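J.: coords please:
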Amino acid sequence: MNTITIDTPAGPLSVAGSDGAVVAAGFTADSAELAALVPPELRDGADADLDLVAESVRAYFDGDLTAIDRVPVRQRTGGEFRARAWDVLRTVPAGSPISYAEYAGRAGRPAAVRAAAQACARNAVVLFVPCHRVVRTGGALGGYRWGIHVKRWLLTHEGRVTETRS
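T.: Now for the predicted structure:
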């Protein structure tokens, strides 16, 4: 496993990679905080190409909102629903946030709104699995492990870029 910290307009983004995939990412410069997100079974793989990851992150912040979509990710699923929910997050387009209820429905369990929220809360590879694109019904931001100010910044960035391209 290897790590990199990338300076971004939203704050430092640290990324851990193993066996060709991102296994953890968070808006922190604290390597111990990042390492705590990586389960033991994902720590011992060969190093990942974090130069490609850094290039994708920089492109995202420069306005290519799809640049992060091509970065492979891997995380401990904790069950079939959570794995499906994380896959669904990667299909939510930048600039088009959805509600937790809509997210639960897209993940195949419309009544499982709390489970959908838990999938967001347990997402260890933020930005690449864009849980920041899920908001409360009515548009309130809800929670975000790395701070509401980061979630707000990301949503504003994506909205601004999307609006400019329309």
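
J.: how about the strands in this protein?
T.: Ranges of strands in the chain, per DSSP state E, are 2-6, 13-18, 21-26, 98-99, 134-135.

J.: Which strands border the fourth one, and is each parallel or antiparallel?
T.: Looking back up the chat, that one is strand 98-99. The pairing partners recorded for strand 98-99 under DSSP bridges are strand 134-135 (parallel).

J.: any idea which helix or strand of this protein has the worst average confidence?
T.: helix 31-35 (a mean of 90; mean pLDDT, DSSP states H and E).

J.: could you redo the strands of the chain as a markdown table and give each row distance to residue 118?
T.: In this view, the C-beta of every residue, glycine as well, is placed from N, C-alpha and C. As requested, these are exported to a markdown table (distance: least, CB to CB, whole Å):
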| stretch | distance to residue 118 |
| --- | --- |
| strand 2-6 | 26 |
| strand 13-18 | 22 |
| strand 21-26 | 17 |
| strand 98-99 | 15 |
| strand 134-135 | 12 |
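
J.: In a markdown table: the ones you listed, plus mean neighbour count.
T.: Below are the strands of the chain laid out as a markdown table (neighbours: other CB atoms under 10 Å):
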| stretch | mean neighbour count |
| --- | --- |
| strand 2-6 | 16 |
| strand 13-18 | 24 |
| strand 21-26 | 25 |
| strand 98-99 | 18 |
| strand 134-135 | 22 |
